[in-house]
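In: sharing a model that was predicted from the sequence below.
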Amino acid sequence: MPTHSLSDYTSWIERTWQGQVSFTDLVTYAETLNSHPALCAALYRTWLQRNAGAFNSVAWFNLGVILFAENNLTDSIEAFQKALALSPAFPQARINLGLAFERQGNAEAAIEQWQAVVENAITPEADQNTGPNQAEQIKNLTMALNNIGRLQETRRQYQAATQALEKSLQLDPDQPDAIHHLIFQRQKQCQWPVYAPVGKVTEAALREHTSALAMLNISDDPAAQLEAALNYSRRKIPADLPRLSPANGYRHDKIRVAYCSSDFCTHPVAMLTIELFEHHDKNRFETYAFCWSPDDGSTLRQRILSAVDHYIPVHGKSDDEVAQLIRQHEIDILIDLQGQTSGAKTRMLALRPAPVQITYLGLPATTGLPGIDYVIADRYLIPGEYARFYSEKPLYMPDVYQVSDRKREHSPAPTRKDCGLPARKFVFCSFNNNHKYTLEVFTTWMNILRRVPNSVLWLLADNPWARENLQKQAKAQGIDPKRLVFAERTTPADYLARYLVADLFLDTFPFNAGTTANDALWMGLPVLTMSGRSFASRMAGALLTAADLPELITHDLQTYEDKAVAL
């Protein structure tokens, strides 16, 4: 023990056992034992065995926090529950109990605890002159609401997530993280306008705190995307982190290349990259997969694990621990497949565990991260005049930036009847994720349907709220909502087969199709795109350029609309 001897600790235990230590002194001494959780837990258990009174609920809470930090979920849940049995109106205990249930995998129980905090509180008005108690009340409420919003988002309950975040921001408008999550939730539901103010959160504040990922759906301005990415980095990444890797690199017989991702499973990134892993020259390269992906048991995941030389799971490890592990393996080139997407380990990258660090595919934009040296691109994707809007230096591939899996399998073509499509009408389709849909492009799609009466638009039914909002918007624009046909998510093989029965793929803008454009072209379905200035708005154009189909690239919505009608 760095500050106290064993005899000193023994004395504290003895005096606590005899009831000679005040609770305030107990907490003060326990704080000096932070690096010794077992000793700290034993101290609190001694107090709880030998003392009774008003402070015991706090003692159980503190014990629960210690056990939770040690990932002892069963005992931490019991401790928080005992704290609540003594003090039912103890919001911090409910919040932490919810976190323990969440880590245990019991999402319903977690949300129930956080909802209880919300329901049992006397909601303070955000514009009142708040005192210490009311400030603490607001803090607990916003914490509970943000946890509800975060967990409901991961459960794809986007409407519930949005409602929780809006309530949180009405209480405390100064929450950049809550703002950027709210914007993305609105995008996923096609809830337009996404910049509708919330309480005191103005449109300007919403724009200021838009995440790099959400910005892809809003603007093709590469300068705005760079600023959004840099804003995130400035907020989240300390400027004084140590560099772990040697500046001059290593001298290995084989170059050690590590791919880092939370998407080594049935995910678009894995679907594109699998053959890349399989085709490394084993005589020149030694490949690693640092993985914090869910094990979905898929054939795709098994192919990845079989293709790399070293599979290294890092589930549950912190960014710092993963960075140290990468450094221990003396990785020469680290390839980040995340960017600023969900699951990213940005601090790990900022620690520079490898001498050369590259970003690829995960985020179709600049990352703004200080630890990334290069981005893999092609000259259509990032023209030379736009390279200054990237914090990374482009590494140009000779033809196209995007890799593909030539071994992907598809089911036999379904009938149009099986898909809920009319037999003799022209079928426009767009199977991009719903968050890529914008009011401007959707309005153009409705114009196309108006000008091509004998046609339908086949879309991805990503969630029921997006479907409902799209139908309402079609009706508002004078288009029969029945002309929108929605396809549920299905297996990769059945999804690919759908492209065999559509007539033309209509791309989104400013966030183009990436994997979906690749899939459509692979299956022989033409893709009509609109290219802008940013990475995300030039992905489909890059594929069409490589496929020698430049006539399917447009640069404004009117030309895009006219070409769709002509085709």
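Out: Structure's in. What do you need?

In: burial measure for Cys265, as a count.
Out: 18 (other CB atoms under 10 Å). For glycine as for every other residue, the C-beta is placed from the backbone atoms N, C-alpha and C.

In: with the one 4 residues further on instead?
Out: Each residue near Val269 was counted by other CB under 10 Å, and the total is 22.

In: distance of the residue lying closest to it once chain neighbours are set aside from His36?
Out: Leaving aside its chain neighbours, Val269 sits nearest to Asp263 (4.4 Å; criterion: CB to CB, 6 or more residues apart in numbering). Distance, Asp263 to His36, using CB to CB, to the nearest Å: 38 Å.

In: ok, the residue nearest to Val269 touching Leu337?
Out: Yes - using CB atoms under 8 Å, Asp263 is in contact with Leu337, at 6.4 Å.

In: doesn't Thr28 belong to a strand?
Out: No - Thr28 sits outside any strand when classified using DSSP: H, G, I helix; E, B strand; the rest coil, being helix.

In: for it, give its distance to Leu43.
Out: Using CB to CB, Thr28 is found at 12 Å from Leu43.

In: which of those two has more neighbours?
Out: Just comparing Thr28 and Leu43: by other CB under 10 Å the higher neighbour count belongs to Leu43, 25 against 10.

In: pull the number of nearby residues for the closest residue to that one other than its chain neighbours.
Out: With CB to CB, 6+ apart as the criterion, Leu43 has its nearest non-adjacent residue at 5.7 Å, and that residue is Ala30. Ala30: 21 surrounding residues under other CB under 10 Å.

In: what does the helix or strand containing Ala517 rub up against?
Out: Assigned by DSSP states H and E, Ala517 belongs to helix 515-522. Here helix 515-522 makes contact (CB atoms under 8 Å, 6 or more residues apart in numbering) with 268, 271-272, 402, 404, 408, 431-432, 495-496, 499, 505, 507, 513, 526-527, 529, 539-540, 543-544, 547.

In: now, those that are in strands?
Out: 505, 527, 529 (DSSP state E).

In: residues contacting the nearest residue to the second one once chain neighbours are set aside?
Out: Spatially, and ignoring its direct neighbours in sequence, Val527 is nearest to Phe505 (4.4 Å; CB to CB, 6+ apart). By CB under 8 Å, 6+ apart, the contact set of Phe505 is 428-431, 499, 513, 516-517, 520, 525-528.

In: the same query, at a cut-off of 6 Å, please.
Out: 429, 520, 525, 527 (CB atoms under 6 Å, 6 or more residues apart in numbering).

In: for Ala344, same thing?
Out: Ala344 touches Gln338, counting by CB under 6 Å, 6+ apart.

In: just the pLDDT at it, thanks.
Out: For Ala344, the model assigns a pLDDT of 86.

In: ok, it to Leu151 distance?
Out: To Leu151, Ala344 is 19 Å away according to CB to CB.

In: what of Thr359?
Out: Counting by CB to CB, the gap from Thr359 to Leu151 is 28 Å.

In: more neighbours, those two?
Out: Between Thr359 and Leu151, Thr359 has the larger neighbour count (other CB under 10 Å), namely 27 against 22.

In: now the more buried one: how far from Trp17?
Out: For Thr359, the distance to Trp17 - CB to CB - is 56 Å.

In: the residue nearest the centre of the chain is in what secondary structure piece?
Out: The chain has Ser342 as the residue nearest its centroid, 1.8 Å off, counting by CA atoms, centre = their mean. Using DSSP H and E, Ser342 sits in no helix or strand.

In: that one: what's its closest spatial neighbour, skipping adjacent residues?
Out: Ser262 (7.6 Å).

In: just Ala79 next, same as before
Out: Here the nearest residue to Ala79 in space, its sequence neighbours aside, is Gly64; by CB to CB, 6+ apart that works out to 3.4 Å.

In: is it correct that the one you found is in contact with Gln81?
Out: No - using CB atoms under 6 Å as the test, Gly64 is too far from Gln81 to be in contact (8.6 Å).

In: what residues does stretch 457-464 touch?
Out: For stretch 457-464, contacts defined as CB under 6 Å, 6+ apart pick out 158, 427-431, 433-434, 445, 467, 484-488.

In: could you identify the most distant pair in those?
Out: By the measure CB to CB, Tyr158 and Val427 form the most distant pair in the contacts of stretch 457-464, at 27.4 Å.

In: out of the two, which sits in the more crowded spot?
Out: Tyr158 (25 against 19).

In: show me the shaky parts of the chain.
Out: 1-5, 122-132 (pLDDT under 70).

In: which residue ranges of it form strands?
Out: 255-261, 285-291, 310-313, 333-336, 356-359, 374-377, 393-396, 426-430, 455-460, 484-487, 504-506, 527-530, 553-554.

In: quick one, which of these is nearest to Asn71?
Out: By CB to CB (comparing all of the strands of the chain), the closest turns out to be strand 310-313, at 16.2 Å.

In: could you dump the helix holding Ala517 to PDB, C-alpha only?
Out: This file holds the C-alpha atoms of helix 515-522, laid out as PDB (Å, rounded to 0.1, in the frame of the first residue of the first chain):
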ATOM      1  CA  THR A 515     -21.400  -1.300 -49.900                       C
ATOM      2  CA  THR A 516     -24.900  -1.200 -51.400                       C
ATOM      3  CA  ALA A 517     -23.700   0.500 -54.600                       C
ATOM      4  CA  ASN A 518     -21.000  -2.200 -54.800                       C
ATOM      5  CA  ASP A 519     -23.600  -4.900 -54.300                       C
ATOM      6  CA  ALA A 520     -26.000  -3.400 -56.900                       C
ATOM      7  CA  LEU A 521     -23.400  -3.200 -59.600                       C
ATOM      8  CA  TRP A 522     -22.100  -6.700 -58.800                       C
END
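
In: how distant is that helix from the center of its chain?
Out: 23 Å (CA atoms, centre = their mean, to the nearest Å).
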